[in-house]
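1. how would this look folded up:
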Amino acid sequence: MLVNEKDHLALFPAETWAAEEQRLMEMSSLDPDAQRLRRFYATGSVPCPVDSQGRILVPGFLRDHAGLEKNVIVAGVLERIEIWSPSRYESGQSETVMSLEDIKRSLNKGTSGS
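-> Numbers count the residues shown, from 1 in each chain. Predicted coordinates for the structure are as follows:
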């Protein structure tokens, strides 16, 4: 499944996306944030068949959303593949590098049981 994210696209295996859809469906339909998140993903995801040459077709509305043009960056990220415009990818990576120590500390706090 090809899915819009905040500033890029994500390509999920069908079974992984099915689990994510289930998680979204289990959220309260009365919660406005849950409603917005469900709507964002429901209207921004499309099946993604691969053609005989191994290519995928990215619909125009998703290309526009992610700012994709002729060249893209394809990044394997564990359970998914991300598709980025080069400028957005580089910007995001720069922000991550600048905050890397804070990110590590924040995640370590969450896993240390404190």
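
2. Would you mind listing the buried residues in the longest helix belonging to the chain?
-> If you go by DSSP state H, the chain has its longest helix at helix 86-111. Residues of helix 86-111 classed as buried: 88, 89 (neighbour count, 16 or more other C-beta atoms under 10 Å). All C-beta spots, glycine's among them, are computed from the backbone N, C-alpha and C.

3. in this protein, what spans have low per-residue confidence?
-> 110, 112-114 (pLDDT under 70).

4. Which parts of it are helices?
-> Here the chain has its helices, by DSSP H, at 14-26, 32-43, 60-66, 86-111.

5. Can you spell out which helices and strands pack onto the longest one?
-> Secondary structure elements in contact with helix 86-111, counted by 3 or more C-beta pairs under 8 Å, 6 or more residues apart in numbering; DSSP states H and E, are strand 73-77.

6. Residues contacting the strand it packs on, please?
-> With contact meaning C-beta atoms under 8 Å, 6 or more residues apart in numbering, strand 73-77 is reached by 10, 81, 82, 83, 84, 85, 86, 89.

7. picking up where we left off before, and the longest helix of the chain, how far from the chain's centre?
-> Here helix 86-111 shows a centroid-to-chain-centroid distance of 16 Å under the convention C-alpha atoms, centre = their mean, to the nearest Å.

8. tell me the angle it makes with strand 73-77.
-> Angle between the axes of helix 86-111 and strand 73-77 is 20 degrees (criterion: axes from the mean of the first three to the mean of the last three C-alpha atoms, to 10 degrees).

9. could you dump the helices of the chain to a markdown table with distance to residue 54?
-> Converted to a markdown table, the helices of the chain look like this (distance: least, C-beta to C-beta, whole Å):
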| stretch | distance to residue 54 |
| --- | --- |
| helix 14-26 | 17 |
| helix 32-43 | 26 |
| helix 60-66 | 19 |
| helix 86-111 | 21 |
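
10. which stretch among the ones you listed comes nearest residue 2?
-> Residue 2 sits nearest to helix 60-66 of all the helices of the chain, at 6.5 Å, using C-beta to C-beta.
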